[in-house]
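Asker: How does the following fold in three dimensions:
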Amino acid sequence: MAPAILCPRCRKLINADEPQCPYCGVGRPGSPWARAQGLLGSLGPDDLVRRVIVLTIGVYVLSLLVGVGTPGSRGPLGALSPTDSGLLLLGASGTLPTLTLGRWWTLLAANFLHGGPLHLAFNMMALVQIGPLVVREFGPSRATSVYVLGGAAGFLVSVAAGVRFTIGASGAICALIGAALYYGRSRGGVHGEAVYRGVLGWAVGIFVFGFFFPGINNWAHGGGMAAGFLLGHFLGYEERGRTLPWHRRLGFGAAVAAVAAVGWGTATALFYRVAG
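Answerer: Coordinates of the predicted model:
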């Protein structure tokens, strides 16, 4: 007899060899594909955000191992900043990697790269503030789609605007902000208005910061925020409808694509470093 498992959609106990869940109707609930989707869908707000932070910090440490600047090359923290060549190998985006080198996968990988400890710390603090809200209101699968696809859309806008070299999670975080803005405006009421006003403060602050400090990619911020707003409308949120199978497939596919892009960048960087 097949072992018992939890259905990846409804989380009820069923046999692993069931062709269809008798409770919610999901097909082949015991397949690896369905169970992997269910694993993503079962993550709580803090769990999902924590995993993104761990991956991002891991990529940052890797970027230091691939190549670091010299003291003073980027200010007092130059020794803790990756080199541009190392970032390019790992998956920095912009017109140079995409249009010149044809590395379109960098639209995904660049979301996990950062130019220094302050850049990393600021983005991760923002993710901790915004991420759990979006995961809670949209569910982990839809929030994953917003983060990954919205971040990629922000970098795509950067390419269209002619930004030559760009990295960072801020475009993906702005996509979460855009989705939260949609949620607050769409839901309305006391809670919706409170969310909208609170997140709007983040949105305004990010753009003001970008206009006053050089090197900030406002194209990625604006593109990510617009994409997040549209994705929020297209995907919907939990109060308007439960997470559907296609939401799970899209979120899981986005997560796999992001990890694959990071993995390809890692393999590329290690190959060139070893070969060189």
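
Asker: Contacts only, for Gly210.
Answerer: Shown in contact with Gly210 (CB atoms under 8 Å, 6 or more residues apart in numbering): Ile216, Asn217, Asn218, His221. From N, CA and C alone the C-beta is placed, and that goes for glycine too.

Asker: C-terminal to the helix or strand containing it, what's the next element?
Answerer: Taking DSSP states H and E as the criterion, Gly210 maps to helix 189-212. Using DSSP H and E, the helix or strand that follows helix 189-212 towards the C-terminus is helix 218-235.

Asker: For that following helix, name the packing helices and strands.
Answerer: Packing contacts for helix 218-235, counted by 3 or more CB pairs under 8 Å, 6 or more residues apart in numbering; DSSP states H and E, involve helix 140-161, helix 170-187, helix 189-212.

Asker: what do you get if the cut-off is 6 Å, keeping everything else the same?
Answerer: Helices and strands touching helix 218-235, by 3 or more CB pairs under 6 Å, 6 or more residues apart in numbering; DSSP states H and E, are helix 140-161, helix 170-187.

Asker: CA atoms of it as CSV?
Answerer: Output of helix 218-235 as CSV, limited to C-alpha atoms (Å, rounded to 0.1, in the frame of the first residue of the first chain):
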residue,chain,number,x,y,z
ASN,A,218,15.1,54.2,-10.9
TRP,A,219,14.1,52.6,-14.2
ALA,A,220,14.2,49.2,-12.4
HIS,A,221,12.3,50.6,-9.5
GLY,A,222,9.6,52.1,-11.6
GLY,A,223,9.4,49.0,-13.9
GLY,A,224,9.3,46.6,-11.0
MET,A,225,6.6,48.6,-9.2
ALA,A,226,4.4,48.8,-12.3
ALA,A,227,4.9,45.1,-13.0
GLY,A,228,4.1,44.3,-9.4
PHE,A,229,0.9,46.3,-9.6
LEU,A,230,-0.2,44.6,-12.8
LEU,A,231,0.7,41.1,-11.5
GLY,A,232,-1.3,41.8,-8.3
HIS,A,233,-4.3,42.6,-10.5
PHE,A,234,-3.7,39.6,-12.8
LEU,A,235,-3.0,37.0,-10.1
